[in-house]
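*Asks:* Turn this into a structure:
(one chain, ligands or ions: 1)
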Amino acid sequence: MGQLLKDKVAIVTGASRGIGRAIAEIFAREGARVVICGRKQETLDQVAAELGPAVRAHSCHVGRAEEIRALVDSTIKQSGAIDILVNNAGTNVAQGPCVYIDEAQFDKMVEVNLKSAFRLMNAVAPGMCERGSGSIINIASISGLRPQHHGMLYSMTKAALIMMTQSYALELGPKGVRVNAIAPGLIQTKLSEYYWKDQARCTAQLERQPIRRLGQPNEIAEAALLLAGEGASYMTGQTLVIDGGHSLSSL
Ligand SMILES: NC(=O)c1ccc[n+]([C@@H]2O[C@H](COP(=O)([O-])OP(=O)(O)OC[C@H]3O[C@@H](n4cnc5c(N)ncnc54)[C@H](OP(=O)(O)O)[C@@H]3O)[C@@H](O)[C@H]2O)c1
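*Replies:* Got it, this is the predicted structure:
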């Protein structure tokens, strides 16, 4: 067990599996007390039991303001002031041509992928500013840097999350709070299985990438650890691209 986040209190959203779970595991390994959220308490309890006593489960649908408030209040009450917030929960409900997207899908994607981060940052940042320290990490995507074919809503919410990261970083920096984003490429999780479960589609993806394999959740979690801790003390407003080189374009 390391000490990089000794006695820090962290919230990690969307930590019932995938990237969020890996972040929670690495934070706990480094001495943090971690509150994990997702929609199902039962699943989260199981994950918390697997990750150990430093991890506490609190179910929260990040698209619901009152549940976010309850998550933040209970974290402060039970674990103490929040030092680290990772906005990781995300979804992708509407792949397809832009002109067929309906308004309910648009609203849901904004609510879950974007407004959740806005609400959580606004609930957590004032306390961080009062104490003069804190680290916020938003999990965006390389799809927020370039449009994803038939993925307008996903790309749009991730692009906005990157701009939100920069805007908060600008305002919160003078108060000692750093805000950064991570833009993963193809990471092997449930969310991305469309791209890797089918062998031919997966090969086509990986052929365009210098590191010719799928990324794993822990490879994003290690970057989140860097951003969360003192190792990144002079870094704010940045978007770390971790994609096996996928977004390099060569002539
Ligand atoms: N995998 C990739 O290739 C990739 C690439 C770029 C960016 N990302 C981003 O990385 C983040 C994590 O994705 P992942 O790949 O780890 O996906 P995942 O394995 O599907 O995990 C998504 C997590 O988010 C939670 N979640 C979904 N909707 C939620 C809601 N409304 N309220 C609370 N929690 C919710 C899920 O928990 P429950 O279902 O239990 O609620 C789950 O824990 C996302 O923001 C995603 O956009 C992923």
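*Asks:* drop to CA atoms for contacts and neighbour counts, all remaining ones
*Replies:* OK.
*Asks:* Alongside the ligand, which residues does the chain contribute?
*Replies:* Neighbours of the ligand within the chain, by Cα under 6 Å from any ligand atom: 14-20, 38-40, 60-63, 88-91, 112, 139-141, 184-192.
*Asks:* So among those, which ones count as buried?
*Replies:* Those of these that meet the buried threshold are 14-20, 38-39, 60-63, 88-90, 112, 139-141, 184-189, by 16 or more other Cα atoms under 10 Å.
*Asks:* So which of those are in strands?
*Replies:* Residues of those located in strands (DSSP state E): 139, 184.
*Asks:* Give the buried residues for stretch 166-174.
*Replies:* Those would be 166, 168, 169, 172, 173, for stretch 166-174 by 16+ other Cα under 10 Å.
*Asks:* got a list of what the last one touches?
*Replies:* Meaning residue 173. With contact set as Cα atoms under 8 Å, 6 or more residues apart in numbering, residue 173 has these partners: 179, 236.
*Asks:* Spell out the secondary structure type for it.
*Replies:* helix (DSSP: H, G, I helix; E, B strand; the rest coil).
*Asks:* quick one, strands of this protein?
*Replies:* Applying DSSP E to the chain gives strands spanning 9-12, 33-36, 55-57, 84-87, 134-139, 177-184, 239-242.
*Asks:* With mean pLDDT and distance to residue 24 added, can I get the ones you listed in JSON lines?
*Replies:* Converted to JSON lines, those look like this (pLDDT from 0 to 100; distance: least, Cα to Cα, whole Å):
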{"stretch": "strand 9-12", "mean pLDDT": "98", "distance to residue 24": "6"}
{"stretch": "strand 33-36", "mean pLDDT": "98", "distance to residue 24": "6"}
{"stretch": "strand 55-57", "mean pLDDT": "98", "distance to residue 24": "8"}
{"stretch": "strand 84-87", "mean pLDDT": "99", "distance to residue 24": "9"}
{"stretch": "strand 134-139", "mean pLDDT": "99", "distance to residue 24": "13"}
{"stretch": "strand 177-184", "mean pLDDT": "99", "distance to residue 24": "16"}
{"stretch": "strand 239-242", "mean pLDDT": "98", "distance to residue 24": "18"}
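*Asks:* could those be laid out in a markdown table, adding distance to residue 161?
*Replies:* Shown next, in a markdown table, are the strands of the chain (distance: least, Cα to Cα, whole Å):
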| stretch | distance to residue 161 |
| --- | --- |
| strand 9-12 | 16 |
| strand 33-36 | 21 |
| strand 55-57 | 25 |
| strand 84-87 | 10 |
| strand 134-139 | 7 |
| strand 177-184 | 8 |
| strand 239-242 | 10 |
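*Asks:* Quick check: which of the ones you listed is nearest to residue 229?
*Replies:* Closest of the strands of the chain to residue 229 is strand 134-139, at 7.7 Å (criterion: Cα to Cα).
*Asks:* so what strands line up beside that closest one?
*Replies:* Strand pairing for strand 134-139, determined by DSSP bridges: strand 84-87 (parallel), strand 177-184 (parallel).
*Asks:* who's in contact with residue 118?
*Replies:* residue 164.
*Asks:* If I look at it, what pLDDT would I see?
*Replies:* Looking at residue 118, its pLDDT is 98.
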